[in-house]
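K.L.:
Give me coordinates for this.
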Amino acid sequence: MGELAEFSATVHGRVQGVNFRYFVERNAGALGLTGYVRNLPGGRAVEVCVEGEREELDRLVDLLHAGPPQAGVERVDVKWGEYSGRFSRFRVSY
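P.N.:
Numbers count the residues shown, from 1 in each chain. Okay, the predicted model is just below:
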């Protein structure tokens, strides 16, 4: 097992109403990560809180910059932290 870490990210742009949360859920699950993704008020940002192996987290950060085809990601703000083990799975939060 590799180094464990977590990050919180805010993804800005055209990221609501374009299946962005489900894109993140699908990819995070495929990477074996845990946490959640949710829309933020205002309609132009989503929050992603995720934990797992650092290498897989780095892959997810790359995917957040791309997003699904309909999205228009303008900026991704990432804050790294220490792994806590507080999540049991990855989910879309409402």
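
K.L.:
ok, so what distance separates the nearest residue to Gly2 once chain neighbours are set aside from Glu82?
P.N.:
Closest residue to Gly2 apart from its sequence neighbours, by CB to CB, 6 or more residues apart in numbering: Glu53 at 4.2 Å. In this view, the C-beta of every residue, glycine as well, is placed from N, C-alpha and C. Distance, Glu53 to Glu82, using CB to CB, to the nearest Å: 14 Å.

K.L.:
Quick one: residues contacting the spatially most central residue of the chain.
P.N.:
By CA atoms, centre = their mean, the chain has its centre lying nearest to Val48, at 3.8 Å. Counting by CB atoms under 8 Å, 6 or more residues apart in numbering, Val48 touches 7-11, 24, 35-37, 60, 64.

K.L.:
In a markdown table, list the residues you listed along with secondary structure and pLDDT.
P.N.:
Compiled in a markdown table, the contacts of Val48 are given as follows (DSSP: H, G, I helix; E, B strand; the rest coil; pLDDT from 0 to 100):
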| residue | secondary structure | pLDDT |
| --- | --- | --- |
| Phe7 | strand | 98 |
| Ser8 | strand | 98 |
| Ala9 | strand | 98 |
| Thr10 | strand | 98 |
| Val11 | strand | 98 |
| Val24 | helix | 98 |
| Gly35 | strand | 98 |
| Tyr36 | strand | 98 |
| Val37 | strand | 98 |
| Leu60 | helix | 98 |
| Leu64 | helix | 98 |
